[in-house]
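> Starting from these lines, generate the structure:
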Amino acid sequence: SKVVFEADPIKLQEWVDVYNQAESKSATLLPADYYTIGTDGKLEFGTADRSNKEVAIVISAKASSTTALSEGEYILPVTLAACEGMPFLVNKETVCYFKFSVETPILSIGLASGETNSDIVEASKSTTKKLSLKLNTGFQWDEAATVSFETEQSTLEGLVSAYNTENSTNYTLLPSDTYTLNEVELTRELTNASSKDYPITITTTAQTATGEYLLPVQMKSCTNNAIAVKKDIIYLQISVMKKLDLTDKLSTNSEGVSSWSDLPVRLLADGKLWGQDPYNETGAGYWQSEWNFEVNDDKTKYFDSTYGVYIDINVTDANINHLKIVMKASRGNYPGKAKFYAGTSKDDLTPCLSFENKMPFTKRDVIGYVKDKLKTVNLNYYESDFITVNPGTKIIRLSFLTNASNKSLTDSNSTNNVSLDELELYGY
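The predicted structure is shown next:
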């Protein structure tokens, strides 16, 4: 004996119309090619079966499917039509509605969590930038898929040229021998808007010219035709520069070197972070402006009315006029509002970079030494825009006007202070 399920498309459409009217929807009847109820639309009862029996409804495109589904909402009304071999009536008025949302899986690319699109690389060294491939919706792969990236040099050069025109920049395409855009394998798995990290390692050689480079990263294709590839472009800005040795090159108008502290500005070039870890291993490898003052101390020497708390970098022998400045701070009193100056002497300073609000510090994992141990520390990180200074520049002044709490550093009546773990200067 068998129970037969309704398969007449006219009657099924009538049920869909009832649903749409009741729910104010515009759903479409799921085509018969995309589902199977029981065995050929029937449920068989044997002699051992009693009053209840489950039936399986399988949703899948059949090999004979000729209609591709468009995105949208589909409805499958399931109701009984008749009994075969049993002297029973069936309730044709009870309907179970199954609702399906059909979406096109779209694979997009973006920066991984906590990643930035810019970095500085010294000659013969490397850096790794992490991108993220993300699917917009839950999807079960029909088969393993391979995602490839645009590597045609003429196409990439065209993207760099378009970027330069739109942004009034002068980047050069990153040389192809410094990186590899490997294909990504997406294995068959059940995903739910999942993402996959995609690391790109950029390794310069001794022959890589210093300068400002751009690497456009764009997905090209996916071997699984069910997945659409979004052709957005991630532009990685890579500065190939030399790191200047700032040992004995730093001076300041304010450093915590009173009778109860020893946090001089020279510590910004010692290669050590302050850092903290669960074992309370700390190293005081940071600079902090003076905050505890001797009796009758003249505080005006610590707070300049024009430059606030400032750090001067001696670049007399550096022979650079293109530079970037990096600051690392693990403490909360890092610089806020600031101005950078360049000139031939302390009496000849011209602004080269300023900030309307606070300096754009961001949280970032940094590898550095904490009390002679190499560790990864999450701290406040700042990387300046690309700065061009006049040939013959001998001094770079970093003028800090407030700290991150917006406390003034130009007011000599205050005890406000500012600190940094490391200061780095790159240039060519």
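> what's the burial count for Leu250?
By other C-beta atoms under 10 Å, the residues close to Leu250 number 21. C-beta coordinates here come from the backbone N, C-alpha and C atoms, glycine included.
> How about it: what's its closest non-neighbour residue?
Excluding the flanking residues, the one nearest Leu250 by C-beta to C-beta, 6 or more residues apart in numbering is Val265, at 4.8 Å.
> State the phi and psi torsions of that neighbour.
phi -70, psi -20 (degrees, to the nearest 10).
> likewise Ala226?
Per degrees, to the nearest 10, the backbone of Ala226 is at phi -70, psi -20.
> doesn't Pro105 make contact with it?
Yes - assessed by C-beta atoms under 8 Å, Ala226 is found in contact with Pro105 at 6.4 Å.
> So between these two, which is more surrounded?
Neighbours per residue (other C-beta under 10 Å) separate Ala226 from Pro105, with Pro105 holding more: 18 against 13.
> State the distance from that one to Tyr213.
With distances defined as C-beta to C-beta, to the nearest Å, the gap from Pro105 to Tyr213 amounts to 33 Å.
> ok, back up a step: what's near enough to touch the residue nearest to Leu250?
The contact partners of Val265, by C-beta atoms under 8 Å, 6 or more residues apart in numbering, come to Leu250, Ser251, Thr252, Glu255, Trp287, Ile311.
> How about Ser412?
Neighbouring residues of Ser412 by C-beta under 8 Å, 6+ apart: Lys299, Thr300, Tyr302, Phe303, Ser305.
> From Asn167, how far out is it?
Taking C-beta to C-beta, one finds Ser412 at 42 Å from Asn167.
> try Ala123
Distance of Ala123 to Asn167, computed by C-beta to C-beta: 26 Å.
> more neighbours, the two?
The neighbour comparison of Ala123 against Asn167 (other C-beta under 10 Å) goes to Ala123, with 16 against 11.
> Does Asp365 lie in a helix or a strand, and which?
strand 362-370 (DSSP states H and E).
> helix or strand right after that strand?
Heading C-terminal from strand 362-370, the first helix or strand you meet, by DSSP H and E, is strand 373-383.
> Can you list the neighbours in contact with the following helix or strand past that next one?
Counting by DSSP H and E, the next helix or strand C-terminal to strand 373-383 is strand 387-388. Identification of contacts with strand 387-388 by C-beta under 8 Å, 6+ apart yields Asn321, His322, Leu323, Lys324, Ile325, Phe340, Ala342, Cys352, Leu353.
> one more time with 10 Å, if that's ok
For strand 387-388, the surrounding residues in contact (C-beta atoms under 10 Å, 6 or more residues apart in numbering) are Ile320, Asn321, His322, Leu323, Lys324, Ile325, Phe340, Ala342, Cys352, Leu353, Ile396, Gly427.
> Stretch 374-381 too?
Residues outside stretch 374-381 that contact it (C-beta under 10 Å, 6+ apart): 114, 116, 273-277, 281, 326-332, 334-335, 359-370, 404, 420-422.
> Which secondary structure element of this structure has the lowest mean pLDDT?
Least confident element among the helices and strands of the chain, by mean pLDDT, DSSP states H and E: strand 190-191 (a mean of 52).
> if we can go back for a sec, and of the contacts of Val265, the nearest to Gly158?
Ile311 (42.3 Å; C-beta to C-beta).
> ok, now which ones touch Ala329?
Ala329 neighbours (C-beta under 10 Å, 6+ apart): 273-274, 286-287, 335, 361, 379-382, 404, 418-423.
> partner residues bridging it?
Asn380 (DSSP bridges).
> can you list the weak-confidence ranges in the stretch 51-200 of the chain?
61-67, 138-143, 187-194 (pLDDT under 70).
> Strands along that one, start to end?
Ranges of strands within the stretch 51-200 of the chain are 57-59, 72-78, 80-84, 96-102, 106-111, 118-121, 126-135, 139-140, 145-149, 172-173, 184-186, 190-191, 195-203, based on DSSP state E, counting those that start in this stretch.
> Can you give me the buried ones in the last one?
Neighbour counts using 16 or more other C-beta atoms under 10 Å place Ser195, Lys196, Tyr198, Ile200, Ile202 of strand 195-203 among the buried residues.
> For Ser113, see how far away the residue lying closest to Glu424 once chain neighbours are set aside is.
Nearest non-adjacent residue to Glu424, counting by C-beta to C-beta, 6+ apart: Val326, 4.1 Å away. Going from Val326 to Ser113 by C-beta to C-beta gives 21 Å.
> likewise Pro77?
Separation of Pro77 from Ser113 (C-beta to C-beta) stands at 44 Å.
> Comparing those two, which residue is more hemmed in?
Shown here are Pro77 and Ser113; by other C-beta under 10 Å, Pro77 has more neighbours (20 against 9).
> mind checking the SS state of the residue nearest to that one when sequence neighbours are not counted?
Leaving aside its chain neighbours, Pro77 sits nearest to Trp15 (3.7 Å; criterion: C-beta to C-beta, 6+ apart). The three-state assignment at Trp15 reads helix, by DSSP: H, G, I helix; E, B strand; the rest coil.
> Buried residues of stretch 376-395, list them for me.
For stretch 376-395, a neighbour-count test (16+ other C-beta under 10 Å) marks 377, 379-384, 386-387, 389, 393-395 as buried.
> Check those and tell me the two furthest apart.
Farthest-apart pair in these is Val377 and Lys394; separation 33.2 Å (C-beta to C-beta).
> who are the neighbours in contact with Thr306?
The contact partners of Thr306, by C-beta under 10 Å, 6+ apart, come to Lys339, Leu349, Ser399, Leu401, Thr410.
> Look up how far Ser408 lies from it.
Applying C-beta to C-beta to Thr306 and Ser408 gives a distance of 13 Å.
> Pull up the overlap in contacts between the two.
Common contacts of Thr306 and Ser408 (C-beta under 10 Å, 6+ apart): Leu401.
> And stretch 48-58, how far out from the chain middle?
50 Å (C-alpha atoms, centre = their mean, to the nearest Å).
> what about it, start to end distance?
End-to-end distance for stretch 48-58: 25 Å, by C-alpha to C-alpha, to the nearest Å.
> again with stretch 345-363
This stretch, stretch 345-363, spans 34 Å end to end (C-alpha to C-alpha).
> Could you list the buried residues of it?
Leu349, Cys352, Leu353, Phe355, Lys358, Met359, Phe361.
> so can I have CSV of those residues showing pLDDT and secondary structure?
Shown next, in CSV, are the buried residues of stretch 345-363 (pLDDT from 0 to 100; DSSP: H, G, I helix; E, B strand; the rest coil):
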residue, pLDDT, secondary structure
Leu349, 96, strand
Cys352, 93, strand
Leu353, 89, strand
Phe355, 78, coil
Lys358, 83, coil
Met359, 86, coil
Phe361, 93, coil
